[in-house]
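S.K.: Prediction below, plus the sequence it came from.
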Amino acid sequence: MAPVPISTINVGHIDDVQELRRTKPKTVPQRFVRDMTERPTLQTSLSAQNSDMPVIDFSKLSKGSKEDLLNELCKLSVACQEWGFFQVINHEVDINLMENIEDMSKEFFMLPLEEKQKYPMAPGTVQGYGQAFVFSEDQKLDWCNMFALGIAPLYVRDPNLWPKKPAKLSETIELYSRKIKKLCQNLLRYIALGLSLEEDVFEEMFGEAVQAIRMNYYPTCSRPDLVLGLSPHSDGSALTVLQQAKGSPVGLQILKDSRWVPVQPIPNALVINIGDTIEVLTNGKYKSVEHRAVAHEEKDRLSIVTFYAPSYEVELGPMQEFVDENHPCKYRRYNHGEYSKHYVTNKLQGKRTLDFAKVEKSE
Ligand SMILES: O=C(O)CCC(=O)C(=O)O
Ligand SMILES: [Fe+2]
């Protein structure tokens, strides 16, 4: 994703959260303390209640009877309309591979700071080790360390940022990303079928898809009630695939009916969410839902997140199938590369990133 001119950015000193935790375990610097309205303990956040987020059985889509397929497509469609999120089980991504990437990512985050800082995330960029989307000194920081890499096409890669330690992490990321790509391609096919579209419509439209990976490591926090692990946002992708490491506490929350609903991890499942691209293409029928992560007092948490999006050259807008007199066109057409630039620079303004493409209502 295109960087903002670095000369224009002053982000001040950004504490490394793991170091902060190690050296001053009781301290939460002011820059991490959220305004009252953003804190996770407000009445608006549900904690006791489990979410009923739909669970899709991938094997029923790929290998089931015709009846299984139709039932599961129907569930998938409801999930995308009402939740924008679902968990997928029996997804054909090898469990050992998932464990390997988890273990190695944890090992990476446990390395000394000097080692991790060999791959720095420069202000205004979104690849490398550090905090993404920090653009100003006044901005609140997330209680999180991130390590992000562009995966595909090859031109989005920065080879200097691919880690040398642990020895097999880079190789594992490569293999994992190929399997997740396959899953995204398949899910997009089923999403198309569930919308009564040709099954290859998204793949053909997207061209050479852009794929990126981000590991989010949330250290424990002495005051999880004051901070956020990750600020509220919707994803700028078409689809996002999120793996929660084994033993992770509940951390992801999604905004549903104006309440923050926690996502209960299901062992070996992957969490999938609809990103902004699919919301635009379906003219808002499928939702790119806001979500955030909260910190935890006793348990650290790791998530491994893949973003799958169209090629930057692609022009996007609502498909004609989703626009009629009852469903007026909500989004204008735009270039996905331009949108991606906007996404990176605009997250700090607390606006929905899709406002970029909203069609103004004329009275
Ligand atoms: O760690 C999580 O659960 C959320 C991650 C996420 O939303 C993201 O990386 O975009
Ligand atoms: Fe996200």
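M.R.: Done, it's in. Numbering: from 1, shown residues only. Ligands and ions are numbered 1, 2, ... in the order given.

S.K.: Okay, buried residues for the longest helix belonging to the chain please.
M.R.: Longest helix in the chain by number of residues (criterion: DSSP state H): helix 169-194. Under the neighbour-count criterion of 16 or more other Cβ atoms under 10 Å, helix 169-194 has 169-170, 172-173, 176-177, 179-181, 183-194 buried. Using the backbone N, CA and C atoms, a C-beta is placed for each residue, glycine as well.

S.K.: Next, the contact list for the closest residue to S177 other than its chain neighbours, please.
M.R.: In this structure, S177 finds its nearest non-sequential neighbour in I151, 4.7 Å apart by Cβ to Cβ, 6 or more residues apart in numbering. For I151, the contact set (Cβ atoms under 8 Å, 6 or more residues apart in numbering) comprises 157, 173-174, 177, 211-213, 306.

S.K.: near ligand 1 too, which of those?
M.R.: Among these, no residue lies close to ligand 1 (Cβ under 6 Å from any ligand atom).

S.K.: and those residues as CSV, adding pLDDT?
M.R.: Listed next are those as CSV, based on pLDDT from 0 to 100:
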residue, pLDDT
R157, 97
I173, 98
E174, 98
S177, 98
Q211, 98
A212, 98
I213, 98
T306, 98
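
S.K.: of all those residues, which comes closest to F108?
M.R.: Among the contacts of I151, I173 lies closest to F108 (Cβ to Cβ), at 10.1 Å.

S.K.: Roughly how far does that closest one sit from ligand 1?
M.R.: Between I173 and ligand 1 the distance, using Cβ to the nearest ligand atom, to the nearest Å, works out to 15 Å.

S.K.: Specify the beta-bridge partners of the nearest residue to that residue once chain neighbours are set aside.
M.R.: Using Cβ to Cβ, 6+ apart and skipping the chain neighbours, the partner closest in space to I173 is I213 (6.2 Å). For I213, the beta-bridge partners under DSSP bridges are L149, T306.

S.K.: I'd guessed S231 sits against L141; true?
M.R.: No: between S231 and L141 there is no contact under Cβ atoms under 8 Å: 9.1 Å.

S.K.: Those two: which is more packed in?
M.R.: Ranked by neighbour count (other Cβ atoms under 10 Å), S231 and L141 place L141 first, with 21 against 18.

S.K.: before we move on, what SS does that one have?
M.R.: coil (DSSP: H, G, I helix; E, B strand; the rest coil).

S.K.: could you pull out the strands for this protein?
M.R.: Along the chain, counting by DSSP state E, strands occupy 55-57, 85-89, 128-130, 145-152, 210-218, 230-233, 239-244, 252-256, 259-262, 270-274, 291-293, 301-309, 315-316, 334-335.

S.K.: what is the orientation angle of the fifth one with strand 252-256?
M.R.: Looking back up the chat, that one is strand 210-218. Using axes from the mean of the first three to the mean of the last three Cα atoms, to 10 degrees, the direction of strand 210-218 lies 110 degrees away from that of strand 252-256.

S.K.: ditto for the second one
M.R.: Relative orientation of strand 85-89 and strand 252-256, computed by the same axes, to 10 degrees: 130 degrees.

S.K.: Would you check how far apart C221 and N96 are?
M.R.: Applying Cβ to Cβ, to the nearest Å, the value for C221 to N96 is 32 Å.

S.K.: cool, and D355?
M.R.: Applying Cβ to Cβ, the value for D355 to N96 is 42 Å.

S.K.: quick one: low-confidence parts of the stretch 51-200 of the chain?
M.R.: The model of the stretch 51-200 of the chain has pLDDT under 70 over residues 51.

S.K.: how about a cut-off of 50?
M.R.: Across the stretch 51-200 of the chain, no stretch falls below the confidence threshold (pLDDT under 50).

S.K.: Looking at D355 and N96 now, which is surrounded by more residues?
M.R.: For D355 against N96, the residue with the higher neighbour count under other Cβ under 10 Å is D355, and the figures read 10 against 7.

S.K.: neighbours around T23, how many?
M.R.: Taking other Cβ under 10 Å as the definition, T23 ends up with a neighbour count of 10.

S.K.: again, but for R22
M.R.: Under the neighbour criterion other Cβ under 10 Å, R22 is assigned a count of 11.
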